[in-house]
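Visitor: Got a sequence here, can you model it:
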Amino acid sequence: MATREQIEVLLERLEKAPPSEHFQHIDNNPVGIRAILKYLSETNEKVTAGKISEHLKVSTARVAVLLKKMEAKGLIEKEHDPDDGRIVIVELSGHGKQTALAARQWHSSAPQDAARARS
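Guide: Sure, this is the predicted structure:
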């Protein structure tokens, strides 16, 4: 288990790191799936793999790998844009919405849990 000092050092590094560093190995880490879940759950516009790539500042190839994994887990659904059949829209499935909500609830309670642990 990490010590309090180790956790504080890690948090300081995360605050100073540019966003792209957080996602350097996005396709090998569940953080990538969580980042896409968060983005899809917070946007009200049509989202493509390209928009996800731009938002996370990672390559479309990495996003494609994650989307395949997410689709296999039933977290997302893909459909062709009715206005332009060449465009594929990505959206959360019912299971994906539940997963995103659970993650958001967990993350909102994490700072309170950490504060209690420090006391």
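Visitor: now the helices for the protein?
Guide: 4-16, 19-22, 30-42, 49-56, 60-72, 94-118 (DSSP state H).
Visitor: Run the angle between the third one and helix 60-72 for me.
Guide: Using axes from the mean of the first three to the mean of the last three CA atoms, to 10 degrees, the interaxial angle of helix 30-42 with respect to helix 60-72 works out to 80 degrees.
Visitor: Next: the fourth one.
Guide: Relative orientation of helix 49-56 versus helix 60-72 (the same axes, to 10 degrees): 110 degrees.
Visitor: Who are the packing partners of helix 49-56?
Guide: helix 30-42, helix 60-72, strand 88-92 (3 or more CB pairs under 8 Å, 6 or more residues apart in numbering; DSSP states H and E). For the C-beta atoms, the positions are set from N, CA and C on the backbone; glycine is no exception.
Visitor: and the angle for it with strand 88-92?
Guide: Computed by the same axes, to 10 degrees, the angle separating helix 49-56 from strand 88-92 equals 60 degrees.
Visitor: if you average pLDDT over helix 49-56, what comes out?
Guide: With pLDDT averaged residue by residue, helix 49-56 scores 95.
Visitor: buried set for that helix?
Guide: 49, 51-53, 55-56 (16 or more other CB atoms under 10 Å).
Visitor: Also the third one?
Guide: Of the residues in helix 30-42, those buried under the neighbour-count criterion (16+ other CB under 10 Å) are 32-33, 35-37, 39-40.
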